[in-house]
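> Would you be able to build a 3D model of this:
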Amino acid sequence: MLIALLLVFHAQLWFGRGSVGEVAQMQRKLEAQKAANLLALQANERLASEVRDLKEGLEMVEEKARTELGMVKPNEIFVNLGPQK
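Below is the predicted model:
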């Protein structure tokens, strides 16, 4: 009887629900999800910082307008100092 119980226990340990292989697979999935969560957290922090900058002042808007759209303020003269040939 004791040997039968021991066999059932080992079968459950190796092949049943919560087996060694299943636990190892779940741990790998957990590590992959933690890595994905870290990347998403970094992206969220970067976006939150940009939103905060946009809400607090116009410096970010002005910088984006100047660099991306080539805009200048009234009474300013645009001078492009590009690489010399």
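> going forward, measure contacts and count neighbours with C-alpha atoms only.
Fine.
> What helices and strands are in contact with the helix or strand that contains residue 25?
For residue 25, the host element (DSSP states H and E) is helix 20-56. Judged by 3 or more CA pairs under 8 Å, 6 or more residues apart in numbering; DSSP states H and E, helix 20-56 is in contact with helix 2-15, helix 59-69.
> Same list (these) but as JSON lines, adding mean pLDDT and mean neighbour count.
JSON lines is the format used below for the helices and strands packed on helix 20-56 (pLDDT from 0 to 100; neighbours: other CA atoms under 10 Å):
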{"stretch": "helix 2-15", "mean pLDDT": "83", "mean neighbour count": "11"}
{"stretch": "helix 59-69", "mean pLDDT": "78", "mean neighbour count": "12"}
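> need those in TSV with distance to residue 36, can you?
As requested, these are exported to TSV (distance: least, CA to CA, whole Å):
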stretch	distance to residue 36
helix 2-15	30
helix 59-69	29
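> for stretch 59-76, the distance to its chain's centre please.
Remark: stretch 59-76 is offset 30 Å from the chain centroid, using CA atoms, centre = their mean, to the nearest Å.
> Contacts for it next, please.
Outside stretch 59-76, the residues within contact range by CA atoms under 8 Å, 6 or more residues apart in numbering are 53-54, 78.
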